[in-house]
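# give the three-dimensional model of this entry:
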Amino acid sequence: MSDEALAALVEQVRAGREYAALAPDFVIGIAAVELAHRGPGKATTKAVRSRLHQMVGAYEAPPADAPARLAAASDEELPALAAQLRGRHASTREREAAAADFWSAVLADLPQPVSITDLACGLQPLSLPLVDLPRDVLYRAFDVHLGILATAEAFLQRWGQTHEVGSWDLLAGPPPGGHDLVLLLKTLPCLEQGRRGAGRALLAALEAQTVIVTYPLRSLGGRQVGMADHYRQQLAASVDGMPWRVEPLDLRGELGFRLRRA
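The predicted structure is shown next:
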């Protein structure tokens, strides 16, 4: 596999409008695997795009003007605008009816976190108006969609939350350093689409005290096909032999667990 062939493949993939907003390093990682497996050609380009769609492409991107609108919003307008934008992202929209209850359940019985690390964050950072989180708590938001990251950055800056925002490919492992409270919201199934066993590898590498893991109960098309039992088994296999104590988390609309370091 030559560097020229990989660069050409990445360029072809990112020429598609829905893939142009994905972080280049993330696309490179997926493209390198498919290129090594299949060699160059149209079938490889199609395979890379299919895998990217399975992992992240099914979720709607925020509108291009979202960062500017957030930056210009008044204090009174900001919560309503954040709610409107959350409704533009499929995964976050599924949580919207119980968004405030979600934060109450997540933070219950936990000491005040020093930091929250939101992996594959989507537009979850825009739900902070629904929780009484001190502005000096560090909110670290990571994703591979550049439009999502720009929107999260604009909101967190305007909200006044201490924050760090950046692109990160979780298939390569977690961001470095220790983490207080980690959010992995409907993320592990997406990682498994990228590489089998990627969820277990991530949980093994996370240096965290508490991890919130959630799974969808319905497909994006609205079908419920035994997903809860499947994901319970998947999580049990993912943490088998690891120092995590798994506690069920009562959430409306998604299957939730709190993992605490044993």
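# could you chop the chain up by domain?
Listed by automatic domain parsing, the domain ranges of the chain are 3-57, 66-261.
# any idea which element residue 255 lies in?
Taking DSSP states H and E as the definition, residue 255 sits inside strand 254-261.
# sorry, slip of the keys, the one I care about is residue 215.
Counting by DSSP H and E, residue 215 is part of strand 208-216.
# what's the angle from that strand to strand 254-261?
If you take axes from the mean of the first three to the mean of the last three CA atoms, to 10 degrees, strand 208-216 sits at 160 degrees to strand 254-261.
# list the buried residues in strand 208-216.
Burial within strand 208-216, assessed by neighbour count using 16 or more other CB atoms under 10 Å, is assigned to 208-216. Where you see a C-beta, it was placed from the backbone N, CA and C, and this is true even at glycine.
# got TSV for those residues, with distance to residue 35 and pLDDT too?
Formatted as TSV, those follow (distance: CB to CB, whole Å; pLDDT from 0 to 100):
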residue	distance to residue 35	pLDDT
208	33	94
209	39	93
210	38	97
211	33	98
212	35	97
213	32	97
214	33	96
215	31	94
216	31	90
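# which strands and helices lie in contact with the strand holding residue 215?
When contacts are defined as 3 or more CB pairs under 8 Å, 6 or more residues apart in numbering; DSSP states H and E, strand 208-216 packs onto strand 179-185, helix 188-194, helix 227-239, strand 244-249, strand 254-261.
# could you identify which of the ones you listed is most buried?
Comparing those by mean neighbour count (mean count of other CB atoms under 10 Å), strand 179-185 ranks first with a mean of 23.
# low-confidence ranges in this structure?
1, 57-59, 219-225 (pLDDT under 70).
# now do the contacts for the residue most central in space within it.
Nearest residue to the geometric centre of the chain (CA atoms, centre = their mean): residue 120, 1.7 Å. Residue 120 makes contacts with 142-144, 170, 184-185, 187, 190, as judged by CB atoms under 8 Å, 6 or more residues apart in numbering.
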